[in-house]
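[1] here is my input; please provide its structure:
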Amino acid sequence: MQLGVRPSSQTVPMGSFVSILRLGRRRVDILPAVFLLAFSYLCPPLLAAGGSSLERTVSFMADDFRIVGTLTEPNSPEPSPIVVILHGMGGNRHGPTIRGTSVPLFRTVARNWAARGVASLTISTGGRGGSEGDYVDMTLERRVNEALAAIDWIVAQPKFDKEKISILGHSQGTLVAASAARRLKAQVPVQSVILWAPQSNALEVYKRSMGIKIYEKGLQSEQNEIVSWYGVGGQLRKFKRAFFTGLRDFNAVMDIGAFGGPTLIVTGLRDRWSPSWRAAEFKASGDQCTFLEFDVGHRMGAGIGPTAVDLMARETLSWLLNLP
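    Below is the predicted model of the structure:
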C-alpha cells in the first residue's frame, strides 16, 4: 500500500501508522514499519512516563457568558509550556471516546503531555460541555473570541511560560485556531499552531457538507430562525443565520500564512472528511509548515484504539518540544 501526503509526486511504501514527516520543503522518512510497531508495543504509554499531572476544571468569561475548560498541567513548580485545545463541530472539551477504553481523546492526550512537562487547556464552546450559552448561536467568530479569552486567562496565570503558548485545533477547531493565531500575532505571539484533521476553507467545507440549498436557505433566513441539516455521520446540525453568513470570513490557509509561525499539519490516511490531499493547500502558507500523516481517521485514532492515539500524540509532542 502506498502511503504519503497527497498529492506528492512521490510516496513511500510503509504500511505503518506514520508515513511521511515533511519539514518545510524537506521530507524525512519515518521509522520502518516493523520497528515503529514494535516501539509502540514495547514502550509504555506517555501517561506512564516520568512525571505526573494535575487536572482541574476552570472557567472564564467570553462574550458575556462563561466558558468551561479542563486544565491539565505538570505537577511541577516550574513554568510550563501550554497548548489550548479547540474541539471540532459538535464536540466538547473531552473529545470522542477512544475505542476499547472509557477515556476521551483530549483527556488522554492532555495527561500524556503533562507527564512530559507540557500543560494544556481544553475548552468547550458555548452551549457544549458545561459552557454557558446556546449552541444554536454558535458562529466561528464566537469560537475565536472564546479562544482569545482562553489565551487571556492563560497570560494572567503566573505558572505558564508566556513565550511557549500554542493553539491546537481539531476539525472545525482548526479554522478557529488559525484565525486566533493570526489575530494574536501583534498582541500575545503564539509559539506554534497545530492543526489536526485541518479544514482549509470554511465556506467550501460547509457548503459541501450541507449542500448549496441549505447554505442559501441559511443566508436568506431570519436572524433568529434555526436552519438544520444532517451532517457527516447523520448528526443533526442546527444554527442561525449568523453561522452561515460568517463562513465566508474564515480561510485557514490565509490565516496560517499571515501567522507565519511554526505550524504542524496532522492528517489521517483514513480521513474522508479532511483528506491529506486537501491539507496540501497549506503549502502556500510557507516553509514553516510541517506535515504528518497517520493511518487514522477523522477522530485522530480514537476510532481505532489507544495505540494509534498514543503514537499520534507522541509525534505531535515531539514536534512541539523540538521547536527552537
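
[2] wait, doesn't residue 185 sit right on residue 259?
    Yes - with contacts counted by C-beta atoms under 8 Å, residue 185 reaches residue 259, the gap being 6.0 Å. (Glycine included, C-beta is placed from N, CA and C.)

[3] so if I had to pick from those two, which one is more boxed in?
    Counting neighbours by other C-beta atoms under 10 Å for residue 185 and for residue 259 shows that residue 259 has the greater number, 27 against 14.

[4] these two touch, right, that one and residue 182?
    Yes - counting by C-beta under 8 Å, residue 259 touches residue 182, with 4.9 Å between them.

[5] what about the strands in this protein?
    2-3, 12-13, 18-23, 26-29, 53-62, 65-74, 80-86, 119-123, 160-170, 192-196, 227-230, 236-239, 263-268, 289-294 (DSSP state E).

[6] okay if I get those as a markdown table plus mean neighbour count, distance to residue 280 and mean pLDDT?
    Below are the strands of the chain laid out as a markdown table (neighbours: other C-beta atoms under 10 Å; distance: least, C-beta to C-beta, whole Å; pLDDT from 0 to 100):
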| stretch | mean neighbour count | distance to residue 280 | mean pLDDT |
| --- | --- | --- | --- |
| strand 2-3 | 16 | 15 | 30 |
| strand 12-13 | 12 | 16 | 28 |
| strand 18-23 | 20 | 10 | 38 |
| strand 26-29 | 11 | 13 | 37 |
| strand 53-62 | 15 | 33 | 96 |
| strand 65-74 | 21 | 32 | 97 |
| strand 80-86 | 25 | 22 | 98 |
| strand 119-123 | 27 | 28 | 98 |
| strand 160-170 | 21 | 18 | 97 |
| strand 192-196 | 27 | 13 | 98 |
| strand 227-230 | 16 | 28 | 95 |
| strand 236-239 | 16 | 27 | 96 |
| strand 263-268 | 26 | 9 | 98 |
| strand 289-294 | 24 | 8 | 97 |
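
[7] could I get those as a markdown table with distance to residue 313?
    Shown next, in a markdown table, are the strands of the chain (distance: least, C-beta to C-beta, whole Å):
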| stretch | distance to residue 313 |
| --- | --- |
| strand 2-3 | 19 |
| strand 12-13 | 22 |
| strand 18-23 | 12 |
| strand 26-29 | 20 |
| strand 53-62 | 14 |
| strand 65-74 | 13 |
| strand 80-86 | 11 |
| strand 119-123 | 11 |
| strand 160-170 | 11 |
| strand 192-196 | 10 |
| strand 227-230 | 31 |
| strand 236-239 | 29 |
| strand 263-268 | 10 |
| strand 289-294 | 10 |
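
[8] out of the ones you listed, nearest to residue 132?
    strand 65-74 (3.8 Å; C-beta to C-beta).

[9] between strand 53-62 and the closest one, find me the angle.
    160 degrees (axes from the mean of the first three to the mean of the last three C-alpha atoms, to 10 degrees).

[10] now do the contacts for the nearest residue to residue 290 once chain neighbours are set aside.
    Spatially, and ignoring its direct neighbours in sequence, residue 290 is nearest to residue 264 (5.1 Å; C-beta to C-beta, 6 or more residues apart in numbering). Shown in contact with residue 264 (C-beta atoms under 8 Å, 6 or more residues apart in numbering): 192-195, 289-290, 292, 316, 319-320.
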